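Participant: Coordinates for the following, if possible.
(chains A and B)
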Amino acid sequence: MIERRTLLCAAAAAALAGRLSPAEAQHVHQNHAAAAAQAGGAYQPRVFTAHEYRTLRLLAGMIVPPENGQAGGVEAGAPEFIDTLASGSERLADIFTGGIAWMDSWMRADSGTAFADAPPVRRSALLDLIAYRRNAAPALNPGIAFFDWARRLVVDAWSTSPAGYEALGYQGNRGMTVFQVPEEALRYALQRSPFRER
Amino acid sequence: MFHVQRSAPVHDVVVIGSGAGGGTVADVLTRHGVKVTLLEAGGPLNPARDYKEHKVPTDYPHRGAGDKAETYFGREDFGFWGAPNGYWEMDEEPYTTAPGTDFRWFRSRIVGGRTNHYGRITLRFADYDFKPYSMDGLGSDWPITYGDVAPYYDKVDRFIGVCGTKEGLRTAPDGEFLPPPALRVHEHLVQRACRSLNIPCIPSRMAILTKAHNGRPACHYCGQCGRGCVTASNYSSSQVQIFPALKTGRLTLITHAMAREILTGPDGRVAAVSYVDKDTREVKQIRCRAVVVAASACESARLLLNSKSPRHPQGLANSSGVVGRYLTDTAGYSLRGHVPALEGMMKHDTDGYSGGHVYVPWWLLEDKKRDFPRGYHIEIGGGYGMPQVGSFHGVCRQHEGYGAPLKKAILDQYGCTVGFAGRGEMIPNGQSYCEIDPGVVDRWGIPVLRFHFHWSDHERRQVAHMHETFASIIEAMGGRVLGERRPADAGQRISRPGEIIHELGTVRMGSDPGTSALNGYSQAHDHPNLFVADAAPFVSNPDKNPTLTICALAWRTSDYIAELMRKGEI
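Facilitator: As a prediction, the model looks like this:
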């Protein structure tokens, strides 16, 4: 993704130097903006440090990973969303800075590195612990509480993004003159219900 | 106490509050040729700017969670998306609750008030709803009958436009209906499940235009009525009554005007209203021939209680001492079920109008075996709603984990949940009322309300019955109840007092001036030119949402006021 962005930057520079037509330049500009937004590259975190933001991006990608070409939490803008909200809510900022710091100290004790620098298998090992209430224990509870927040916000960012709408198949808020559901959908549900015609 | 300024010009009628009641009065009186001055404590409304019905979360960096992440810290209901400007807590206008009491009071400070976002459910009270005491010996009878109100239900139906079907049920009197929209898939299943249980499940009655009506276009089924409707295809007092009334030239609308006190003359008649101009914090005064208080039940009670004088030491319309008493809310209970028949169904647009296209009216009127009085209706939710912040918190909590399995759970459960919400009648009780808190004033220096509230076993037993009904419908659909609920828990899971936003009864009508504040026309027993036109005059809180009856009674009161003015009695 970064390489693609670099290329687009080069193309934009070429356009400025007069080697691309205005139409091509416009096209490049749009691609550039889309790529930058998608990569989160254009976004400057307002609350989180570079380290915290990198950790947040890792978490977003683990909570909703990209799949079969579908965008995941990072591409859906979860890190930007969380940073934006944290910039308006100290309470939320504290939950995330505190939670990331807790994960770092757990990982230092476990692997001698911050969470973001640990091997992927150790990162997953921690998430496998804090992603479930059944693992409640004094030593893990701050992580479990934090992960509940991280999961909800990443899922919110993903499910409200264009990628989330596409994955969910949401088709509403369009407006129509007559409301009608597809016959096929109704038949499908009735056939699977206790009211199927025998 | 303020004194009436003798030199100011005299207005015809001052209406306080611009919601369902105030909007109806403004509309009907101006059509009678009466000049109306309407005071609204909030700001003006610009639907094109203020309604968010066609926005999606990504239109905002906070995705609808609010600039301060409010949605994540308990400010969910109607929060960012709801048609504008209302919430339970308002810093500038607080209220208090007595120790041990829980009460939530939703206010909307904008032209049109809560009608901008309300559920548009439009149900007539039944004949027996006006005579509850005669039916079971609880509460009190109204001084009026269904027959008195029916012509006004007809007028309101015709004017605002209501969709539905004639069913001939005593518990759900028919109105004059526009055709109902088609049902959604889950609603077909609910309807069949109800049929198998001998429970009626009929098209909802909604103040939504399924056909163009009275110059307003038909609904375009974007599914976001609660955010306000830019095409005015549903009822809101702002768009359907106040904006047209302004065009008559007989309505003067004053926004950011917080009524402070109603002033009377030596003859006991109302002479003027004093209000705070919120922009300048100046107290201003309007002299008038009559006042209609329609500020919402509790706000109206507060204004009357705060209008104290040596002549009226208990406040206005309150020689009986009932103002603030008999406060009720609807008893609410919700249960959701997962319905496997809907799993894997082809995705489609289920928007329709927002809210259920079917509902269950009360069906056990004649059942003498039940262990609670009165009844409830059931509202039904489901479909592929717009994914929003919070839409999948339930799945997150239930499924936990992360990664591909979590995503799969979200995709699998989307649209497979059907929700049931019961809305039941609360019996007024002596422990539920509001009064002036002597120790607290709001930003404008006006003493605030203190609430007392108590659900009784009547309501708790009723919601236990709701639980059993909802569970049996879910099971009849082949579904399973979500959450670890047992019938015994239901009584504990009754809605928080005030939360259903059907608070009413605080300035009740009656034929005995010793036990009521108003007569059957909502005219104060103590002051012939003082009227109340919101849900404060209600004597009981039937299992039918109050808005239609607010409009009908306000219309009836307006006709009565116009008649008194013609006769020169006001």
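Participant: Can you give me the distance of the most centrally placed residue in chain A to residue B:183?
Facilitator: Centroid-nearest residue in chain A: residue A:73, 1.7 Å away (criterion: CA atoms, centre = their mean). Computed as CB to CB, to the nearest Å, the residue A:73 to residue B:183 distance reads 36 Å. Where C-beta positions appear, they are placed from N, C-alpha and C, glycine not excepted.
Participant: do the same with residue B:319
Facilitator: Using CB to CB, one obtains 52 Å as the distance from residue B:319 to residue B:183.
Participant: higher neighbour count, those two?
Facilitator: Comparing residue B:319 with residue B:183 by other CB atoms under 10 Å in any protein chain shown, the one with more neighbours is residue B:183, at 21 against 18.
Participant: I'd say that one and residue B:350 touch.
Facilitator: No. Residue B:183 sits out of contact with residue B:350 when judged by CB atoms under 8 Å, with a separation of 10.4 Å.
Participant: Show me where the chain has its helices.
Facilitator: I'll assume chain A. A:2-16, A:22-39, A:50-63, A:78-88, A:90-111, A:120-130, A:141-159, A:162-168, A:183-192 (DSSP state H).
Participant: my question was about chain B
Facilitator: With DSSP H as the criterion, chain B has helices at B:20-31, B:47-50, B:132-136, B:146-160, B:185-196, B:237, B:243-247, B:297-306, B:393-399, B:404-413, B:457-476, B:547-566.
Participant: which one of those helices is the most hemmed in?
Facilitator: Sort the helices of chain B by mean neighbour count, taking mean count of other CB atoms under 10 Å in any protein chain shown, and helix B:237 sits at the top with a mean of 32.
Participant: pLDDT below threshold where in chain A?
Facilitator: Residue ranges of chain A with pLDDT under 70: A:1-41, A:198.
Participant: Let's see that with 90 instead.
Facilitator: A:1-42, A:174-175, A:197-198 (pLDDT under 90).
Participant: hmm, back to that, how about the helices of chain A, which one is nearest residue B:162?
Facilitator: Minimum separation from residue B:162 across the helices of chain A (CB to CB) falls at helix A:183-192, 26.3 Å.
Participant: Using PDB, list the CA coordinates for the closest one.
Facilitator: Output in PDB follows, covering the C-alpha atoms of helix A:183-192 (Å, rounded to 0.1, in the frame of the first residue of the first chain):
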ATOM      1  CA  GLU A 183     -41.300 -12.800  -3.000                       C
ATOM      2  CA  GLU A 184     -38.300 -15.000  -3.100                       C
ATOM      3  CA  ALA A 185     -37.200 -13.900   0.300                       C
ATOM      4  CA  LEU A 186     -40.600 -14.400   1.800                       C
ATOM      5  CA  ARG A 187     -40.800 -17.900   0.300                       C
ATOM      6  CA  TYR A 188     -37.300 -18.800   1.600                       C
ATOM      7  CA  ALA A 189     -38.200 -17.800   5.200                       C
ATOM      8  CA  LEU A 190     -41.600 -19.400   5.200                       C
ATOM      9  CA  GLN A 191     -40.100 -22.700   3.900                       C
ATOM     10  CA  ARG A 192     -37.700 -22.700   6.800                       C
END
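Participant: Next, the angle from that helix to helix B:185-196.
Facilitator: Compare the direction of helix A:183-192 with that of helix B:185-196 by axes from the mean of the first three to the mean of the last three CA atoms, to 10 degrees and you get 40 degrees.
Participant: Would you mark the buried spots in helix A:183-192?
Facilitator: For helix A:183-192, burial by neighbour count (16 or more other CB atoms under 10 Å in any protein chain shown) applies to A:185-186, A:188-190, A:192.
Participant: Give the other helices and strands that that helix contacts.
Facilitator: helix B:185-196 (3 or more CB pairs under 8 Å, 6 or more residues apart in numbering or on different chains; DSSP states H and E).
Participant: Give me the average confidence score over the helix it packs on.
Facilitator: Across helix B:185-196, the average pLDDT comes to 98.
Participant: closest one to residue B:293 among the helices of chain A?
Facilitator: helix A:78-88 (38.5 Å).
Participant: contacts for that closest one?
Facilitator: Helix A:78-88 is contacted by residues A:40, A:43, A:45-48, A:53, A:56-57, A:60, A:63-64, A:92-93, A:96, A:153-154, A:156-158, B:61-63, B:65-69, B:72 when judged by CB atoms under 8 Å, 6 or more residues apart in numbering or on different chains.
Participant: Could you rerun that using 7 Å?
Facilitator: Helix A:78-88 is touched from outside by A:40, A:43, A:45-48, A:53, A:56-57, A:60, A:92-93, A:96, A:153-154, A:157-158, B:61-63, B:65, B:67-69, with contacts defined as CB atoms under 7 Å, 6 or more residues apart in numbering or on different chains.
Participant: same deal with stretch B:432-439?
Facilitator: So stretch B:432-439 is contacted by B:96, B:298, B:301, B:305-306, B:324-325, B:327-328, B:447-454, B:506 (CB under 7 Å, 6+ apart).
Participant: can you check stretch A:148-166 too?
Facilitator: A:59-60, A:63-64, A:70-73, A:75-78, A:81-82, A:95, A:99, A:168, B:57-58, B:63, B:387-393, B:396, B:402, B:410.
Participant: from these, which would you call buried?
Facilitator: When the contacts of stretch A:148-166 are checked for burial by 16+ other CB under 10 Å, the buried set is A:59-60, A:63-64, A:70-73, A:75-78, A:81-82, A:95, A:99, A:168, B:57-58, B:63, B:387-392, B:396, B:402, B:410.
Participant: what residues go with each domain of chain A?
Facilitator: A:1-42, A:47-192 (automatic domain parsing).
Participant: out of these, which comes closest to residue B:18?
Facilitator: Relative to residue B:18, the nearest member of the domains of chain A by CB to CB is domain A:47-192, separated by 28.4 Å.
Participant: end-to-end on the closest one?
Facilitator: 50 Å (CA to CA, to the nearest Å).
Participant: Show me which parts of stretch B:197-208 are buried, residue by residue.
Facilitator: Judged by neighbour count using 16+ other CB under 10 Å, the buried positions of stretch B:197-208 are B:199-208.
Participant: Tell me which of the residues you listed fall in strands.
Facilitator: Here DSSP state E is the test, and these give B:202-203 as lying in strands.
Participant: now the buried residues of stretch B:197-208 in a markdown table, with pLDDT and distance to residue A:127?
Facilitator: Output for the buried residues of stretch B:197-208, formatted as a markdown table (pLDDT from 0 to 100; distance: CB to CB, whole Å):
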| residue | pLDDT | distance to residue A:127 |
| --- | --- | --- |
| B:199 | 98 | 46 |
| B:200 | 98 | 50 |
| B:201 | 98 | 45 |
| B:202 | 98 | 49 |
| B:203 | 98 | 48 |
| B:204 | 98 | 45 |
| B:205 | 98 | 50 |
| B:206 | 98 | 46 |
| B:207 | 98 | 49 |
| B:208 | 98 | 46 |
